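Colleague: no sequence on this one, just coordinates:
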C-alpha cells in the first residue's frame, strides 16, 4: 500500500505545532517563575553570557560540518557514501570538546568578573553549558539523517527534546 505523502505531512505538521505550543507554554511558565524569583544580575548572566557561550560552541562546532555534508549530499552523490557523511557528522563532537577548553578559559578568566556571590555558580554553569553542548552534538548525526530523509516524526521528536526548557535555569542565585 502506497504511503500517503499529504496525510503524513499534515500529521507531521500537526505534531510539530502541538509540540511547539507545549514547549512555548512550558518555557513561559519557567520564565515567569525565573523573572519573579531571580534577580536582574542572575538573569543577565544567564541570558547573555551563558547563551553566548552555548551559541558560540554550537556554531563553531557544527555549522561548517553541516554545510559541507549537505552540499556533498546534494552535489556529489556518486562520490560520497552515507557512511562517510555520518562519520563526518561525528566530527562535531571532538571539535566541540577541543573548543570547550579555550572558550571556557575565555569565559571564566577574560570576561569581566561576576559578583562574588555568583562566581562559584557561574563557574559551574559554564562547565554545565559546555557539557550540554557536547551532549547535544552526540545527536547531530541522527538530526542530519532525519533532515536529509525527511523523517518528520523523528525530527519533531529531536527538536522537541532539543528546545525543551526543562534544564534552562542552571542556577537561581541566593
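Modeller: Perfect, I can see it now. All figures in this text were calculated on a predicted structure; none of them were measured in a lab.
Colleague: the helix ranked longest in the chain: what's the following helix or strand?
Modeller: Counting by DSSP state H, the longest helix found in the chain is helix 5-37. Counting by DSSP states H and E, the next helix or strand C-terminal to helix 5-37 is helix 40-44.
Colleague: mean confidence (pLDDT) on the longest helix of the chain, please.
Modeller: Across helix 5-37, the average pLDDT comes to 84.
Colleague: so how far is that helix off the chain centroid?
Modeller: From the chain centre to the centre of helix 5-37 is a distance of 16 Å (CA atoms, centre = their mean, to the nearest Å).
Colleague: please identify the buried residues of that helix?
Modeller: For helix 5-37, burial by neighbour count (16 or more other CB atoms under 10 Å) applies to 12, 16, 19, 23, 34. (Glycine included, C-beta is placed from N, CA and C.)
Colleague: pick the one among those residues closest to residue 136.
Modeller: Of all the buried residues of helix 5-37, residue 136 sits closest to residue 23, with 15.9 Å by CB to CB.
Colleague: that closest one and residue 51, how far apart?
Modeller: Distance of residue 23 to residue 51, given as CB to CB, to the nearest Å: 17 Å.
Colleague: and which of the buried residues of helix 5-37 is nearest to residue 47?
Modeller: residue 34 (9.7 Å).
Colleague: quickly note the distance from that closest one to residue 69.
Modeller: As judged by CB to CB, residue 34 and residue 69 stand 36 Å apart.
Colleague: so where do the helices sit in the chain?
Modeller: Using DSSP H, helices in the chain cover 5-37, 40-44, 51-75, 82-89, 92-105, 119-137, 140-148, 152-163.
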